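S.K.: Give me a 3D structure for the following:
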Amino acid sequence: MTTGMEEVHTFLGRFPPFDALSAEELEEVATAATERELAAGEVVLVEDGPPAKHFFLVRSGSVELVHEEEIVDILEPGEAFGHPSLLTGMAPSFTVRAHEPSRIVLIPKKQALAVLGRPSGAGFVAVTLRERMTRTGHTVHGLPVLSTVRVSELVRGAPLECSGSISISRAAELMTEQNVSAALVRSGEPLLVTDAIIRSKTVAGPISARNSVLRIAEPAVVVEPRMLAVDAIVEMLDRDVDHVLVLDKEQPVGILSAADLMGIERRSPFALRHEILRAHDEDALVRAAERLPELFLALLDGNLSSADVGRVLSLQADSLTARLIDFAIEEHGEAPCAWAWLSFGSAARRELTLSSDQEHGIAYADDDAEVDSYFERLATDVAAGLERCGFPRDANSVLSTDRRWRMSAEQWERTIEDCYERPDRSHLIRATVAFDFRHVSGGLDVVPRLVAHLREGRNHPDFVRRLARTATDFKPPLGFRGALVTGRDGDAPPGTFDVKRGGMLPIVNLARFFALANEVTISATLDRLVAVEELEGLDEELTSLLREAFTVAWRVRLDHHAACIEEGRAPDNYVDPKKLSAILREELREAFRAIASAQKRLGVFVPTGI
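M.R.: Alright, predicted model coming up:
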């Protein structure tokens, strides 16, 4: 249907690339535009299908960009799609479908080409293409295939054992009482009786349930704990059985069913993300989030790198956030203007762990009290939901529920400028948070504006000098002659040190400083170090030492989290060096020495005196 021209005229003028048009040009585009209503799940474009015939803008609701069955991005009102296919005449790179009941604006090819052919239009195309390529890459990296799950990871407890002399009916009662589908029958060789055997040989067969269970028990198919789960599945299929006995040096450690083995898909990052994005309410989302520790252990057992583990957890947290935003919008109505949800800290750097807290902010287009009131309500709901999902609130209130982290895009720009102009302690602390940011959701294209201000940082020498000083705030836990020191941090229990505070944060701060001083605007710590080295802002030796140190400290932290989970307690960062191997203790000492050396050498690059 044809839209009301004035309404579309006003809407288009608020978003790039149309905000750069003159009134006459904007009127021409609006006159030619039409609108289309979409039902939830309705497809607009198909990946590798027919080329787009229009330039599309989301008017209300939201749409999904889907690549190889994975949701790469969710576009909110004001965000566009279809232009790469329209410009090239090639098939779409994404399937686009309605995330919810939505309305889109369709701009014909003639008017679209006139807009996109302008300098502002070309810039818009370049920015959106880069962002979508980046998000696609991070989604793929954040969803690795778990091809190395072993049988031992699926065992949930010792097997039910019963004497061969008991009756079949008694064996069935014991299996029912313990809610298992098989039992190990004690005999000269390992035998199994399963509910399927009982049904086929007694309920539907000629053997009375009063007979000894030895009458129907069958030789067990035995597998070792270290066997890959996929190999155990092949063994099960080859032997035509639905249970296997897991023996470790002749000792029974468990029984696995076909359902247990086929259930390895539930341990996949793909499966958990799908469950999160399809959760119908917050309770279902919380239940999905409860599987994060299980996924985390599977990732470590699969020998993924620490960086890959961080990507996976960050992507899952992004998905939880996006779904909570959906629920908040359903509750409070559509947003009054364009907005962007920003992630800070470890989540922004894609270095999230299970002990990370939530740090986030909101930028919105219109500086208005009613607008802020809406986003305060949205932020309150999302923060509470993330807390229920296992991510505690930041102790320093770096949260979008706090007015200091919820403001218009113009206010965000002024905030960064204030950090440069008045680099006192409070502004430096704010800078160390705000300069590690990532756009997670929402249609407000705030990233280029904020990044442009970040690039100006190096031109403020007083700020840079003081920021260099903050890079030495956190000291590695080293004592006389490089010995590991415990109990230095006030919160650490006796005999432990804080591996995050003493091992990771110093490198995070160093990398942030060198990145800002060299106009590097990516957030990930390891990537920052590499980029700075390539720009000759760091020498190769120091870069290599810091990267190795960060990797060692990160892995120790993740392994410690795994130990906490297996002990049934919440992950923390307090490591007892006595529980580490001698080799790992030495690697940590070398890592901490590298940090101390880098902090000492910082004065060579920028004087730290004030």
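S.K.: Check which residues of the helix or strand hosting residue 588 are buried.
M.R.: In the assignment (DSSP states H and E), residue 588 maps to helix 582-605. By 16 or more other C-beta atoms under 10 Å, the buried positions in helix 582-605 come out as 584-585, 587-589, 591-592, 594-596, 598-599, 602. Bear in mind the C-beta positions are built from the backbone N, C-alpha and C, glycine included.
S.K.: centre of the chain versus that helix, how much separation?
M.R.: Computed by C-alpha atoms, centre = their mean, to the nearest Å, the chain-centroid distance of helix 582-605 equals 29 Å.
S.K.: who's in contact with that helix?
M.R.: For helix 582-605, contacts defined as C-beta atoms under 8 Å, 6 or more residues apart in numbering pick out 468, 471-472, 475-478, 482-484, 502-503, 506-507, 510, 513-514, 517, 537, 542, 545-546, 548-550, 552-553, 556, 577, 580, 608.
S.K.: Likewise for stretch 86-99?
M.R.: Contacts of stretch 86-99 (C-beta under 8 Å, 6+ apart): 38-56, 61-67, 72, 74, 81-82, 84-85, 109, 112-113, 116, 125, 132, 326.
S.K.: quick one: low-confidence parts of the stretch 201-350 of the chain?
M.R.: Within the stretch 201-350 of the chain, the stretches with pLDDT under 70 are 204, 262-267.
S.K.: before we move on, the earlier item: could you turn the buried ones of the contacts of helix 582-605 into a ChimeraX selection?
M.R.: Selection of buried members from these for ChimeraX, criterion 16+ other C-beta under 10 Å:
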select :468,471,472,476,477,478,484,502,503,506,507,510,513,514,517,537,542,545,546,549,550,552,553,556,577,580,608
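S.K.: Pull the contacting residues for the closest residue to residue 538 other than its chain neighbours.
M.R.: Distances taken as C-beta to C-beta, 6 or more residues apart in numbering put residue 532 closest to residue 538, at 4.9 Å, once the chain neighbours are dropped. By C-beta under 8 Å, 6+ apart, the contact set of residue 532 is 511, 514-515, 518, 520, 538, 543.
S.K.: same thing but at 10 Å, please
M.R.: Residues near residue 532 by C-beta atoms under 10 Å, 6 or more residues apart in numbering: 510-511, 513-520, 538, 542-543, 546.
S.K.: Secondary structure element holding it?
M.R.: Using DSSP H and E, residue 532 falls within helix 525-534.
S.K.: could you check the angle helix 525-534 makes with the helix or strand following that helix?
M.R.: Next along the chain after helix 525-534, taking DSSP H and E as the criterion, comes helix 540-566. Relative orientation of helix 540-566 versus helix 525-534 (axes from the mean of the first three to the mean of the last three C-alpha atoms, to 10 degrees): 180 degrees.
S.K.: from the chain's centre, how far out does helix 540-566 sit?
M.R.: Distance of helix 540-566 from its chain centroid, counting by C-alpha atoms, centre = their mean, is 19 Å.
S.K.: Packing partners of the next helix or strand after it?
M.R.: Using DSSP H and E, the helix or strand that follows helix 540-566 towards the C-terminus is strand 574-575. Packing contacts for strand 574-575, counted by 3 or more C-beta pairs under 10 Å, 6 or more residues apart in numbering; DSSP states H and E, involve strand 497-498, helix 540-566.
S.K.: quick one: buried residues of the helix or strand harbouring residue 428?
M.R.: According to DSSP H and E, residue 428 maps onto helix 425-434. Within helix 425-434, the residues that qualify as buried are 427-428, 430-434, counting by 16+ other C-beta under 10 Å.
S.K.: repeat for stretch 316-330
M.R.: Buried residues in stretch 316-330 (16+ other C-beta under 10 Å): 316-329.
S.K.: Out of those residues, list just those in helices.
M.R.: 316-329 (DSSP state H).
S.K.: Kind regards, and thank you for your time.
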